[in-house]
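> what follows is a predicted protein model with its sequence.
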Amino acid sequence: MDLLKQTISKIGELDKEAMAKAKERVDNLIKPPGSLGRLEEIVIQLAGITGELYPKVDKKVVIVMAADHGVFEEGVVVFPQEVTEIQTRNMARGVTGVCALAKQARADVVPVDIGVKVDIDEIGIISRKVKYGTDNMAKGPAMSREEAIKSLEVGIQVAEEQIKKGKNILATGEMGICNTTPSAAIVSVIGGYDPFEVTGIGANFPVERLEHKAGVVKRAIEINNPNPKDGIDVLAKVGGLEIGGMAGVMLAGAANRVPVVIDGFISLAAALIACTIEPKTKNFLIPSHASKEKGAVYAAEFLGLKPMLYMDMRLGEGTGAVLALNLIEAATYMNNEMITFAEAGIPV
């Protein structure tokens, strides 16, 4: 708990002076003001995060949190639970979707076993297991409050280890069969939405069985009665260990003034947890893509985050976040490589 408290206490505001200077420079680059749209917004936000007029995001990493879920036993997914272990191992081998896209983006992939139901002895996987999967949230709390805090602190620790290695931008990813179910519960509780509004098909769950899945989410919320104003309580009662880990990464990024790129639905659920714990965290988050998963649009709207990519993606793993790394770095190239009207000798 001490690490979590210390991290929260370090989260401040964006550097308004740096943002004003960055906006002045961007507005005076040799182009019509505003003509590069979101790229301009991104570099101004990066200046506010880092306090630098010429921020860099060339040392990239996607941290992939992996964990299992007890609610699997409620029949809310079509894939076997063993897929979590298999795909976590494949992360270390560099052969998953996020690994392929990360190679193109020149980003490291750091898989973390924070709660897979079996032990994984694989080179390249960081073992920080809080427990062997969550308990079934449809019958009681997914985890204890202490375990929820521990999952947050694992995320903080892993993120800070990467920052100490020189990483200047973080992306969040996850692996956990049926984790759209706790994510829907989190969005429903914190956002105040009906579970039937925000529960989607996840990994190709049959549409005709969606009512059952949403019913499980509804029952979990009713049984556990999480406090929507207490992010730790929501995480403990209807969340997931990998969701807590990603929320911890976000808190650590904000505390260390390092931008964090969030992925799709599961990452947005983690962002809801992080921003409920400390609302200023939101300023340090950069949304990536509009996940096709049903509840993502509700979560993004509630957070006030506007995705930059519309690719009809819903894989997770951090794939959308890694794609967005390219555009975020492009924004810094715009800022660093373009000249101003004055430098071009053009009076304005």
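Structure's in. What do you need? Numbers count the residues shown, from 1 in each chain.

> when you work out contacts or count neighbours from here on, use the C-alpha atoms and nothing else.
Will do.

> buried residues, the helix or strand where C99 lies. List them.
Assigned by DSSP states H and E, C99 belongs to helix 97-105. Using 16 or more other C-alpha atoms under 10 Å as the test for burial, helix 97-105 gives G97, V98, C99, L101, A102, A105.

> tell me where this protein has strands.
60-67, 107-115, 126-127, 169-175, 260-262, 285-287 (DSSP state E).

> nearest to P33, of those?
Nearest to P33 among the strands of the chain is strand 285-287 (21.9 Å), distances taken as C-alpha to C-alpha.

> what's the average pLDDT for that closest one?
For strand 285-287, mean pLDDT rounds to 98.

> please shift the residue numbers so they start at 130 in all later answers.
With the count now opening at 130, the last piece we talked about shows up as strand 414-416.

> report the distance from it to the chain centre.
Centroid separation between strand 414-416 and its chain, computed with C-alpha atoms, centre = their mean, to the nearest Å, is 8 Å.

> give the pairing partners of it; include direction for each.
Applying DSSP bridges, strand 414-416 is found paired with strand 389-391 (parallel).

> ok so, going back, report the rounded mean pLDDT for the helix holding C228.
Here the average pLDDT along helix 226-234 is 98.

> helices or strands up against it?
Applying 3 or more C-alpha pairs under 8 Å, 6 or more residues apart in numbering; DSSP states H and E, one finds that helix 226-234 makes contact with strand 236-244, helix 448-466.

> so which of the ones you listed is the most surrounded?
strand 236-244 (a mean of 25; mean count of other C-alpha atoms under 10 Å).

> who does that one pair up with?
Under the rule (DSSP bridges), strand 236-244 has strand 189-196 (parallel), strand 255-256 (parallel) as partners.

> return it as CSV; C-alpha atoms alone will do.
Extracted as CSV, the C-alpha positions of strand 236-244 are listed here (Å, rounded to 0.1, in the frame of the first residue of the first chain):
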residue,chain,number,x,y,z
ALA,A,236,8.8,-1.3,-29.4
ASP,A,237,9.8,-3.8,-26.8
VAL,A,238,7.2,-6.3,-25.6
VAL,A,239,7.3,-7.1,-21.8
PRO,A,240,5.0,-9.9,-20.8
VAL,A,241,4.1,-10.2,-17.1
ASP,A,242,2.5,-13.1,-15.4
ILE,A,243,0.4,-11.3,-12.8
GLY,A,244,-2.2,-14.0,-12.3
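
> just for the chain, where's the confidence low?
332-334 (pLDDT under 70).

> let me see the domain layout of it.
131-184+462-473, 189-456 (automatic domain parsing).

> ranking those domains by burial, who's on top?
domain 189-456 (a mean of 23).

> how near is the nearest residue to Q210 once chain neighbours are set aside to S312?
Residue nearest to Q210 in three dimensions, not counting chain neighbours: I306, with 5.9 Å by C-alpha to C-alpha, 6 or more residues apart in numbering. Distance from I306 to S312, counting by C-alpha to C-alpha, to the nearest Å: 12 Å.

> before we move on, the earlier item: how close does the residue nearest to Q210 get to Y322?
23 Å.

> pull the CA atoms of stretch 405-415 into PDB?
Provided in PDB are the C-alpha atoms of stretch 405-415 (Å, rounded to 0.1, in the frame of the first residue of the first chain):
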ATOM      1  CA  THR A 405     -11.100   6.800 -10.200                       C
ATOM      2  CA  ILE A 406      -8.100   6.300  -7.900                       C
ATOM      3  CA  GLU A 407      -6.500   9.500  -9.100                       C
ATOM      4  CA  PRO A 408      -8.400  11.700 -11.700                       C
ATOM      5  CA  LYS A 409      -5.200  13.600 -12.700                       C
ATOM      6  CA  THR A 410      -3.900  10.300 -14.300                       C
ATOM      7  CA  LYS A 411      -6.100  11.000 -17.300                       C
ATOM      8  CA  ASN A 412      -3.900  13.900 -18.400                       C
ATOM      9  CA  PHE A 413      -1.000  11.500 -19.000                       C
ATOM     10  CA  LEU A 414      -3.000   9.000 -21.100                       C
ATOM     11  CA  ILE A 415      -3.100   8.900 -24.900                       C
END
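
> distance from it to the middle of the chain?
11 Å.

> these two touch, right, L143 and L414?
No: L143 lies out of contact with L414 (C-alpha atoms under 8 Å); the separation is 11.4 Å.

> over to the residue nearest to Q210: give its phi and psi.
Note on I306: backbone dihedrals following degrees, to the nearest 10 are phi -60, psi 130.

> compute the distance between it and P408, please.
The value you get for I306 to P408, if C-alpha to C-alpha is used, is 29 Å.

> which ones are touching the residue nearest to Q210?
D197, H198, F201, V206, F208, P209, Q210, V212, T213 (C-alpha atoms under 8 Å, 6 or more residues apart in numbering).

> change it to 10 Å
Residues counted as contacts of I306 (C-alpha atoms under 10 Å, 6 or more residues apart in numbering) are 195-198, 201, 205-214, 216, 245, 331-332.

> out of the residues you listed, name the ones that lie in helices.
E211, V212, T213, E214, Q216 (DSSP state H).

> follow-up on the earlier one: let's have the strands paired with strand 236-244 in a markdown table, adding distance to N464.
Shown next, in a markdown table, are the strands paired with strand 236-244 (distance: least, C-alpha to C-alpha, whole Å):
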| stretch | distance to N464 |
| --- | --- |
| strand 189-196 | 18 |
| strand 255-256 | 36 |
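
> looking at those strands, which is closest to G302?
Per C-alpha to C-alpha, nearest to G302 of these: strand 189-196, 4.2 Å.
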